[in-house]
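Q: dropping a prediction and its sequence here:
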Number of protein chains: 4
Amino acid sequence: MDFHEQQPIYLQIVDYVCEKILLKQWGKGDRVPSVRELAVTLEVNPNTVMRAYEFLQQKEIVYNQRGLGLFVADDGVKNARIYRQHEFLHKEVPAFFASMSLLQIGVEELEPMFKKYRKSKA
Amino acid sequence: MDFHEQQPIYLQIVDYVCEKILLKQWGKGDRVPSVRELAVTLEVNPNTVMRAYEFLQQKEIVYNQRGLGLFVADDGVKNARIYRQHEFLHKEVPAFFASMSLLQIGVEELEPMFKKYRKSKA
Amino acid sequence: MDFHEQQPIYLQIVDYVCEKILLKQWGKGDRVPSVRELAVTLEVNPNTVMRAYEFLQQKEIVYNQRGLGLFVADDGVKNARIYRQHEFLHKEVPAFFASMSLLQIGVEELEPMFKKYRKSKA
Amino acid sequence: MDFHEQQPIYLQIVDYVCEKILLKQWGKGDRVPSVRELAVTLEVNPNTVMRAYEFLQQKEIVYNQRGLGLFVADDGVKNARIYRQHEFLHKEVPAFFASMSLLQIGVEELEPMFKKYRKSKA
DNA sequence: GTGGTCTAGACCACC
DNA sequence: GTGGTCTAGACCACA
């Protein structure tokens, strides 16, 4: 039942790390799990984690200190947000609208829910 | 790497069947795949498919004709939509709003995208 | 005698492709060798070529047409030049200066050679 | 992936030895590694090392003391520099200029880098 | 055929 | 111990 895994594993790992950073569970300058650690945790091949970390370095979300490990970059939070915003607007939002269309749900039904959501947060 | 499986498999199968019905790929009165067939297609245990079909019968989306198989109910499309609407509004919408909040995306950014989406559909 | 291979193979392949493009041997819109072809030509693993092509796509030097192959991008020449300029200025130039220093060669000795070079080209 | 091996191995060994001498890692009168030692270190055939040492003796960079081994010549540093200068000016410099031309880099861009380089050394 | 993803296991340099 | 590179071989979706 793994039909439709939509995203490659390494990008799912990228999202996983971004979420940790955006939720401030991993702060600026903190060491992130080593390639091998995370590979064990997520039960994937170390190379797959490596690929995710390469991607995150290229996006300047984490950086490498030789022989020590990978750390959350100074602009890590900002860059993680920029990357995830882009993905959200170009992938999740269209899928969301497609579902709304299929289920014949109008925007007017969502607005009160959004207001309620904001109130509960404030 | 199966962290984040959010839903039990049998409910994922329910969603799968509902989508087929809502997209009119399986029409009113059509025979739906047998438990064994679908179990093979989705590579899951037949018991799991059985559980999904029980659920769908209870929601009056499919019905059982003894010895012949399962068929899309007369109100199947309507009931599938009602079920999925409920799930969408109570699960996917809140998750969507939570993402918007985390990524600091405002409704005003979504509105033009929604208009564009509707136009492209019309 | 492979001491000091300085650059990873996949970046050497990147340089190889950039040179072909900058020398106009592979023009804008041309199909570049497939991953498997180039792997055979250069006697390396297809994954290593894949890595080079991923890098080149990310730099917008080549682009992928699904199922057909990789092609030189519209701005391929420009982007190849930008990339190679950066590498040249940050890697080859310092090494060149270090050699000049070690061999006690002054800039004044190079200037006449450069003028001669330009004349021979014009 | 050995395209671009530019120079025969024995001349690469010559360069290797010259660099050791110019960097004062092997001083005047010091014994240089035996043919067999260097062959093991560089993982090449002893005959290839032999050929390099013959070349270096002919250039009066090292000399042979029967039964004792090879030693850095009195004018070893000077002669190594003269040889390498010649090679540098006739091989590396033209290649460097060719790259500059291909990458459309002007001398004016290099001058500030050279000044900076000299300052950092002083 | 094409590119792309993933695993397994190896070896390297750096600290 | 760390990240990084490379190979070998598998499987997938797309055309």
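A: Yep, that arrived.

Q: list, one by one, the residues from chain A near chain C.
A: Counting by Cβ under 8 Å from any Cβ of the partner chain, the positions of chain A adjacent to chain C are A:Q58. C-beta coordinates here come from the backbone N, C-alpha and C atoms, glycine included.

Q: do the helix or strand that A:Y83 is a member of and chain B meet at all?
A: Using DSSP states H and E, A:Y83 falls within helix A:76-87. Yes: counting by Cβ under 8 Å from any Cβ, contacts between helix A:76-87 and chain B involve A:R81, A:R84, A:Q85.

Q: in chain A, what residue comes closest to chain D?
A: A:N47 (20.4 Å; Cβ to the nearest Cβ).

Q: got any ranges where chain A has weak pLDDT?
A: Residue ranges of chain A with pLDDT under 70: A:1-5, A:121-122.

Q: returning to what we had before: could you identify the helix or strand that succeeds the helix holding A:Y83?
A: Next in sequence after helix A:76-87, counting helices and strands by DSSP H and E, comes helix A:93-102.

Q: what comes up buried for the helix or strand following that next one?
A: As assigned by DSSP H and E, the chain's next helix or strand after helix A:93-102 is helix A:107-121. For helix A:107-121, the neighbour count (16 or more other Cβ atoms under 10 Å in any protein chain shown) marks A:L110, A:F114, A:Y117 as buried.

Q: quick check: the last one touching B:F97?
A: Yes: here A:Y117 reaches B:F97: they are 4.7 Å apart, a contact under Cβ atoms under 8 Å.

Q: now do the contacts for A:L22.
A: Residues in contact with A:L22, defined by Cβ atoms under 8 Å, 6 or more residues apart in numbering or on different chains, are A:V77, A:A80, A:R81, A:R84, B:L102, B:L103.

Q: how about the residue lying closest to the first one once chain neighbours are set aside, secondary structure?
A: Spelled out, it's A:V77. Distance criterion Cβ to Cβ, 6 or more residues apart in numbering or on different chains; nearest residue to A:V77, sequence neighbours excluded, is A:I21 at 5.9 Å. Here A:I21 takes the helix state, with states given by DSSP: H, G, I helix; E, B strand; the rest coil.

Q: residues near A:I21, how many?
A: A count of nearby residues for A:I21, using other Cβ atoms under 10 Å in any protein chain shown, gives 25.

Q: I'd say it and A:V72 touch.
A: Yes: taking contacts as Cβ under 8 Å, A:I21 lies within contact range of A:V72: 5.9 Å.

Q: what sits in contact with each of these two?
A: Taking Cβ under 8 Å, 6+ apart as the criterion, A:I21 and A:V72 both touch A:I61.

Q: please save the CA atoms from stretch A:86-106 in PDB.
A: Extracted C-alpha coordinates of stretch A:86-106, given in PDB (Å, rounded to 0.1, in the frame of the first residue of the first chain):
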ATOM      1  CA  HIS A  86       8.000  27.700  -2.100                       C
ATOM      2  CA  GLU A  87       7.200  24.000  -1.900                       C
ATOM      3  CA  PHE A  88       3.900  24.700  -0.100                       C
ATOM      4  CA  LEU A  89       2.700  27.200  -2.600                       C
ATOM      5  CA  HIS A  90       3.600  25.200  -5.600                       C
ATOM      6  CA  LYS A  91       2.700  21.700  -4.400                       C
ATOM      7  CA  GLU A  92       0.500  21.500  -1.400                       C
ATOM      8  CA  VAL A  93      -1.700  24.500  -2.300                       C
ATOM      9  CA  PRO A  94      -2.700  23.200  -5.800                       C
ATOM     10  CA  ALA A  95      -3.400  19.800  -4.300                       C
ATOM     11  CA  PHE A  96      -5.600  21.400  -1.700                       C
ATOM     12  CA  PHE A  97      -7.500  23.400  -4.300                       C
ATOM     13  CA  ALA A  98      -8.000  20.300  -6.400                       C
ATOM     14  CA  SER A  99      -9.500  18.500  -3.400                       C
ATOM     15  CA  MET A 100     -11.800  21.500  -2.700                       C
ATOM     16  CA  SER A 101     -12.900  21.400  -6.300                       C
ATOM     17  CA  LEU A 102     -13.500  17.700  -6.200                       C
ATOM     18  CA  LEU A 103     -15.400  17.900  -3.000                       C
ATOM     19  CA  GLN A 104     -17.300  20.900  -4.100                       C
ATOM     20  CA  ILE A 105     -16.200  23.000  -1.200                       C
ATOM     21  CA  GLY A 106     -16.200  26.800  -1.600                       C
END
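
Q: contact partners of that stretch?
A: For stretch A:86-106, contacts defined as Cβ under 8 Å, 6+ apart pick out A:15, A:107, A:110, B:19, B:22-23, B:81, B:84-85, B:88-89, B:92, B:96, B:99-100, B:103, B:105, B:109-110, B:113-114, B:117, B:121.

Q: which bits of chain A sit near DNA strand F?
A: Within reach of DNA strand F by Cβ under 7 Å from any atom of the strand, chain A has these residues: A:34-37, A:47, A:50, A:53-54, A:57, A:64, A:67-70.

Q: okay, the residues you listed in a markdown table with neighbour count and distance to C:G27 next?
A: What follows is the residues of chain A next to DNA strand F, written out as a markdown table (neighbours: other Cβ atoms under 10 Å in any protein chain shown; distance: Cβ to Cβ, whole Å):
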| residue | neighbour count | distance to C:G27 |
| --- | --- | --- |
| A:S34 | 15 | 45 |
| A:V35 | 18 | 40 |
| A:R36 | 11 | 45 |
| A:E37 | 13 | 47 |
| A:N47 | 12 | 35 |
| A:M50 | 16 | 35 |
| A:Y53 | 23 | 36 |
| A:E54 | 16 | 31 |
| A:Q57 | 14 | 33 |
| A:N64 | 12 | 37 |
| A:G67 | 5 | 44 |
| A:L68 | 9 | 45 |
| A:G69 | 14 | 44 |
| A:L70 | 21 | 40 |
